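Peer 1: Here is a sequence with its predicted model. Questions after.
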Amino acid sequence: MDQSQTRIPLTSPLQRRPALTGAACCLVSALAYTATDICLRQLSRLGSDPVWTVCNKELVTVLIVGPWLLWLAVRRRPALPTGATLLRLIAVGLLIQVAGNLGTQWALGVVGLAVTIPAVFGVMITSSAVLGWFLLGERVSLRSMAALAMLFASLVFLGLGAEAAGKSIAAQTEVASDPLLVALAVAAACLAGAVYSLLSVVIRHSVTQTTLPSAIALLITLMGVVSLGPMSLARLGLQQMLATPAEQGLLMAAAGIFNLVGFFALIHGLQRTTVVHANVLNASQVALVAVVGMVIFREPLNPWLLLGVSLTVFGILWIDRPAEREQPLDQHI
């Protein structure tokens, strides 16, 4: 018998199980985004302008990924998507930067990590379930619906606990606490979560159309540079932008690098698992940032905040996991 006909392909367990690969990628993304959030929270603590902060964070990806895609273009290999996919990514990229990243960065400076990130993920997972079902036809079980109801309830408790967090942060910066400002910060975090869920759906749709993950990363972050760069110039002026303290510059660069790692891991995770599952695994950072906010940044722990974070984590654990048969999108890019 010809041995070549009986040879068993040497594939790793991760290659044979796309859901497991997707889970690993999403967990790496969660750790990288947690590190990003820590850098961004410290920048807000140092008084860094939120627009300038987000612009520099996104610039890191442009400087790293841009030359690679340019090299591919020189070699006459398709680098960027065209047509509707290109326009869709540009539009979503602008929305992500202005309504998502900028809103989150501003909220970090008002209500802190322990309120902002759980609120973002509570809305993101709830919205992604609706969008995944409506746009991609992904199933949402009764168990998942119950978990999503818990996440929705967690937002209410996080909003109630945000006032104490806002007072604590205002005291640290010697600024009077404004209840309206706190409410707007929570609303900004919720809006960011809704926008991020839209990004997850667009990424998942794009990677199934053979779009390079590096092209997605470049387009989304480039929209931050082209939109927030001129805005920073108008707000700060060139002299103040160039006078950014070295500590803040290093933190912006670190946030950009961690963000790039998290973004690529999330993109590959979205190739191999459903939108809801990817966001649930990525949301494991909720508990991490809540602890970091309280321990490192001295954000207050109150019953409402504790209940809100706990419900967020419990909802994440309770939500139904997709079966292996629901993972048809694994492909090599």
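Peer 2: Right, received. Where do you want to start?
Peer 1: Check which helices and strands the longest helix anywhere in the chain is in contact with.
Peer 2: Secondary structure of the chain per DSSP state H: the longest helix is helix 142-172. The contact analysis (3 or more C-beta pairs under 8 Å, 6 or more residues apart in numbering; DSSP states H and E) places helix 142-172 against helix 102-111, helix 113-135, helix 179-207, helix 303-318. Any C-beta I mention is one placed from the backbone N, CA and C, and that applies to glycine too.
Peer 1: which parts of the shortest one are buried?
Peer 2: Going back to what we said before, that points to helix 102-111. Within helix 102-111, the residues scored as buried using 16 or more other C-beta atoms under 10 Å are Leu102, Gly103, Thr104, Gln105, Trp106, Ala107, Leu108, Gly109, Val110, Val111.
Peer 1: export these to a markdown table and tack on pLDDT?
Peer 2: Shown next, in a markdown table, are those (pLDDT from 0 to 100):
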| residue | pLDDT |
| --- | --- |
| Leu102 | 95 |
| Gly103 | 95 |
| Thr104 | 95 |
| Gln105 | 95 |
| Trp106 | 94 |
| Ala107 | 93 |
| Leu108 | 92 |
| Gly109 | 90 |
| Val110 | 90 |
| Val111 | 89 |
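Peer 1: Out of those residues, which comes closest to Val225?
Peer 2: Closest to Val225 out of the buried residues of helix 102-111 is Leu102 (12.9 Å), distances taken as C-beta to C-beta.
Peer 1: My understanding was that the closest one contacts Val54; is that so?
Peer 2: Yes - counting by C-beta atoms under 8 Å, Val54 is a contact partner of Leu102 at 5.4 Å.
Peer 1: Show me whatever sits in contact with both of those two.
Peer 2: Leu228 (C-beta atoms under 8 Å, 6 or more residues apart in numbering).
Peer 1: Tell me how far the longest helix of the chain lies from the chain's centre.
Peer 2: 18 Å (C-alpha atoms, centre = their mean, to the nearest Å).
Peer 1: between it and helix 179-207, how many degrees?
Peer 2: 130 degrees (axes from the mean of the first three to the mean of the last three C-alpha atoms, to 10 degrees).
Peer 1: What are the buried residues along helix 142-172?
Peer 2: Buried residues in helix 142-172 (16+ other C-beta under 10 Å): 144, 147-148, 150-151, 153-155, 157-170.
Peer 1: before we move on, back to that, need the buried residues of helix 102-111 in TSV (columns: distance to Gly293).
Peer 2: Formatted as TSV, the buried residues of helix 102-111 follow (distance: C-beta to C-beta, whole Å):
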residue	distance to Gly293
Leu102	20
Gly103	18
Thr104	14
Gln105	15
Trp106	16
Ala107	12
Leu108	9
Gly109	13
Val110	13
Val111	10
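Peer 1: With respect to Leu70, which of these is nearest?
Peer 2: Nearest to Leu70 out of the buried residues of helix 102-111 is Leu102 (C-beta to C-beta; 27.5 Å).
Peer 1: list the contacts for the closest one?
Peer 2: For Leu102, the contacting residues are Pro50, Val51, Val54, Leu228, by C-beta under 8 Å, 6+ apart.
Peer 1: And the average pLDDT for the longest helix of the chain is what?
Peer 2: Mean per-residue pLDDT for helix 142-172: 81.
Peer 1: quick one: that helix to helix 303-318, angle?
Peer 2: 150 degrees.
Peer 1: Let me know the angle separating helix 142-172 from helix 113-135.
Peer 2: Relative orientation of helix 142-172 versus helix 113-135 (the same axes, to 10 degrees): 150 degrees.
Peer 1: Can you mark which positions in stretch 118-131 are buried?
Peer 2: For stretch 118-131, a neighbour-count test (16+ other C-beta under 10 Å) marks 118-129, 131 as buried.
Peer 1: and of the residues you listed, the nearest to Leu46?
Peer 2: Proximity of the buried residues of stretch 118-131 to Leu46 (C-beta to C-beta) peaks at Val120, which lies at 21.6 Å.
Peer 1: wait, the closest one sits on Tyr196?
Peer 2: Yes - applying C-beta under 8 Å as the test, Val120 and Tyr196 come out as touching, 6.8 Å apart.
Peer 1: In the contacts of Leu102, find the pair that's most separated.
Peer 2: With distances taken as C-beta to C-beta, the most widely separated pair in the contacts of Leu102 is Pro50 and Leu228, at 9.3 Å.
Peer 1: Would you mind telling me which of those two has the busier surroundings?
Peer 2: Neighbour tally, Pro50 and Leu228, criterion other C-beta atoms under 10 Å: the higher count belongs to Leu228, 25 against 22.
Peer 1: so which helix or strand takes in that one?
Peer 2: For Leu228, the host element (DSSP states H and E) is helix 213-236.
Peer 1: Tell me how far that helix lies from the chain's centre.
Peer 2: Its chain's C-alpha centre and that of helix 213-236 lie 16 Å apart, by C-alpha atoms, centre = their mean.
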